[in-house]
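> Mind folding the following:
(chains A, B, C and D)
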There are 2 protein chains.
Amino acid sequence: MGSDGEKTRREKQTGRKPRADSLRNRDLLLEAATQVFSAGGPQASLEAVARRAGVGIGTLYRHFPTREALFDAVYRHEVDHLAELAGQLAQDTEPVDALRQWLHANVRLVATKKGMIEGLQLAAHGSSDLKAYSFGQLTRSIALLLDRGIAAGALRADITPDDLLRALLGILYSQGPDDWRPAVLRLVDVFVDGLRRR
Amino acid sequence: MGSDGEKTRREKQTGRKPRADSLRNRDLLLEAATQVFSAGGPQASLEAVARRAGVGIGTLYRHFPTREALFDAVYRHEVDHLAELAGQLAQDTEPVDALRQWLHANVRLVATKKGMIEGLQLAAHGSSDLKAYSFGQLTRSIALLLDRGIAAGALRADITPDDLLRALLGILYSQGPDDWRPAVLRLVDVFVDGLRRR
DNA sequence: TATTTATACGGAGGAACCCTCCGTTTATCA
DNA sequence: TGATAAACGGAGGGTTCCTCCGTATAAATA
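Predicted structure coming up:
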């Protein structure tokens, strides 16, 4: 969960206000990391992140003791957006279409943040907090949309939100070299068709 | 293609037989690389590969000037196996089932070679020869199976072998942490269902 | 078999990165 | 305005990457 971010943002135990430079540097690092990871993938240089943020490498490690901690902070934000969207679609839109649209939104997001999906995949294999959090958020979002479709009798009932998340991440990750978006969107549609009740 | 491996295996231009130690070391390196990559993924230490093979790091780089070249040699072999299997299934088995079985075979393969899929993904984004070769082999295999299904009227005709390969790689890559195989196999089946003509 | 020579070998070495540790600086609090 | 807890920067030891080159050796030649 957010434990790590929280701890960094707030004190040890004495009741002193966090220093202004600390907060500022944390934000600088986060922004720099977003850019560096987006461009270079999850194994990009942390020293490059520090350089870009204009702080010492020691400062980076104090705020984010591990590479995963940095991912944690960077990607939780994006995931929260998707969860919001799912909530909206679940109110506005016809079930099957809502699911389809939400999946398409994921494709769109990844289109601009190349490194993100790799990060999530890395999280999927590793055991960071990010995994628990983002998978939770995404699974909840999917469950919301999926269950509604099942309840309406429009979607088959033998697929779990977990399954669907796997497929989504997988299909998303399978970006081709050139203009992969149309192909990926088509795949999503095929998959949604496969999900329809027959 | 195999240009790199071939070049290493055979001379510059003079017509001299390749040295025995060279060939031997190449094989040692290949075997070591297969193990190291399978365990540690595509960014595993090349020096570790050399150590495991019992040769100097210089020898490794002479045989495989880049990390990609090593992948190239290691994974082309596996891909060839899958191509063979596709050929067999195309003769033996009912179209939709042949496709399903071939996809399942992919799942099985990946189950034992963790690093491989990451390698293929890496190739998919990069621009190595491995990409051209393995994608060619796999696409051809899929085309074989897919076209047969379409010709028989059993599969929808608006999906290309390319698309299907993307989906396959994607779904394969989406391994969960625990016992992911049943889930992945289910996803494959859903996808194949989506491919059915309706 | 002995000599020549093309070829391969090993590993030193410079650069980048990882992460830790600690002396110095600075923002809060009294 | 001090006092001091907290944050800062970056040196430094370790690892990996990849190149370069003097040494060793297998194939060719006599």
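
> Which residues are in contact with the closest residue to A:Arg26 other than its chain neighbours?
Spatial nearest neighbour of A:Arg26, excluding adjacent residues (CB to CB, 6 or more residues apart in numbering or on different chains): A:His63 at 5.2 Å. The way it works is simple: take the backbone N, C-alpha and C, and place the C-beta from them, glycine included. For A:His63, the contacting residues are A:8, A:22, A:25-26, A:29, by CB atoms under 8 Å, 6 or more residues apart in numbering or on different chains.

> Could you do A:Arg197 as well?
A:153-157.

> ditto for A:Ala151
The contact partners of A:Ala151, by CB under 8 Å, 6+ apart, come to none.

> That one and A:Arg197, how far apart?
12 Å (CB to CB, to the nearest Å).

> ok, A:Val188 - contacts?
Neighbouring residues of A:Val188 by CB under 8 Å, 6+ apart: A:100, A:103-104, A:107, A:168, A:171.

> 10 Å instead, please
A:99-100, A:102-104, A:106-107, A:167-168, A:171-172, B:167 (CB atoms under 10 Å, 6 or more residues apart in numbering or on different chains).

> Low-confidence stretches in chain A?
A:1-15, A:111-131, A:173-179, A:198 (pLDDT under 70).

> Pull out the buried residues from stretch A:31-46.
A:32-38, A:41-42, A:44, A:46 (16 or more other CB atoms under 10 Å in any protein chain shown).

> Then stretch A:161-169?
For stretch A:161-169, by 16+ other CB under 10 Å, it's A:161, A:163-169.

> Among those residues, which ones lie close to chain B?
Near chain B, judged by CB under 10 Å from any CB of the partner chain, the entries from the buried residues of stretch A:161-169 are A:163-169.

> just checking, A:Glu148 touches A:Pro161?
For the record, residue A:148 is Arg, not Glu. No: counting by CB atoms under 10 Å, A:Arg148 does not reach A:Pro161; the two are 11.7 Å apart.

> need the helices for chain A, in chain order.
For chain A, the helices defined by DSSP state H cover A:3-9, A:20-40, A:46-53, A:57-63, A:67-92, A:95-112, A:114-125, A:129-151, A:161-173, A:181-195.

> which of those sits most buried?
helix A:161-173 (a mean of 23; mean count of other CB atoms under 10 Å in any protein chain shown).

> Tell me what angle that one forms with helix A:95-112.
If you take axes from the mean of the first three to the mean of the last three CA atoms, to 10 degrees, helix A:161-173 sits at 40 degrees to helix A:95-112.

> packing partners for helix A:161-173?
Judged by 3 or more CB pairs under 10 Å, 6 or more residues apart in numbering or on different chains; DSSP states H and E, helix A:161-173 is in contact with helix A:95-112, helix A:114-125, helix A:129-151, helix A:181-195, helix B:114-125, helix B:161-173, helix B:181-195.

> Chain A against DNA strand D: which residues are in contact?
A:11-12, A:14, A:16, A:18-19, A:21-22, A:25, A:54-59, A:61-63 (CB under 7 Å from any atom of the strand).
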